[in-house]
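Asker: got a sequence here, can you model it:
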Amino acid sequence: MEPPLRKSKNRHRRSLFAEVESLHRRLSRIQEDQELLRNTLSGLAHESDISIGSPCPKCGQSYMLIKKGLMSCPSCKNRLSI
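Answerer: Numbers count the residues shown, from 1 in each chain. Model prediction:
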């Protein structure tokens, strides 16, 4: 018969292992979704004759969109001329 402390440690380890597996599956799904969104955004930008720039220097919440010499942020509406 195992001492109660050992049973508790084993139960805790199994719980941690299950949580790590769950987080790994979730991270994999998020990475797949991110790749789909990246490909979609790239296709939309190409079709719309827009380039995707760096993150917005004002809010950092979106990439700057570049078209006809103007960079604009879709999140905060920041605009910069090139």
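
Asker: okay, now the domains of the chain?
Answerer: Following automatic domain parsing, one gets these domains for the chain: 1-48, 50-82.

Asker: can you put those domains in TSV and add mean neighbour count and mean pLDDT?
Answerer: Every C-beta, even on glycine, is put in place using the N, C-alpha and C of the backbone. Formatted as TSV, the domains of the chain follow (neighbours: other Cβ atoms under 10 Å; pLDDT from 0 to 100):
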stretch	mean neighbour count	mean pLDDT
domain 1-48	10	90
domain 50-82	14	96
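
Asker: find the helix or strand that the residue nearest to the spatial centre of the chain is a member of.
Answerer: When the chain is reduced to its mean C-alpha position, the nearest residue by Cα atoms, centre = their mean turns out to be residue 34, at 5.7 Å. Using DSSP states H and E, residue 34 sits within helix 4-47.

Asker: tell me what that helix is packed against?
Answerer: Contacts defined by 3 or more Cβ pairs under 8 Å, 6 or more residues apart in numbering; DSSP states H and E place helix 4-47 against strand 51-55.

Asker: which residues does residue 54 contact?
Answerer: Counting by Cβ atoms under 8 Å, 6 or more residues apart in numbering, residue 54 touches 63-64.

Asker: state the distance from it to residue 9.
Answerer: Going from residue 54 to residue 9 by Cβ to Cβ, to the nearest Å gives 49 Å.

Asker: now swap in residue 67 and tell me
Answerer: Distance of residue 67 to residue 9, computed by Cβ to Cβ: 60 Å.

Asker: again with residue 48
Answerer: 57 Å.

Asker: what does residue 53 give?
Answerer: In this view, residue 53 and residue 9 are 52 Å apart by Cβ to Cβ.

Asker: just to be sure, residue 64 is in a strand?
Answerer: Yes: the assignment for residue 64 by DSSP: H, G, I helix; E, B strand; the rest coil puts it in a strand.

Asker: now it: closest residue in space that isn't a chain neighbour?
Answerer: Nearest in space to residue 64, with sequence neighbours left out and distances taken as Cβ to Cβ, 6 or more residues apart in numbering, is residue 53 at 3.7 Å.
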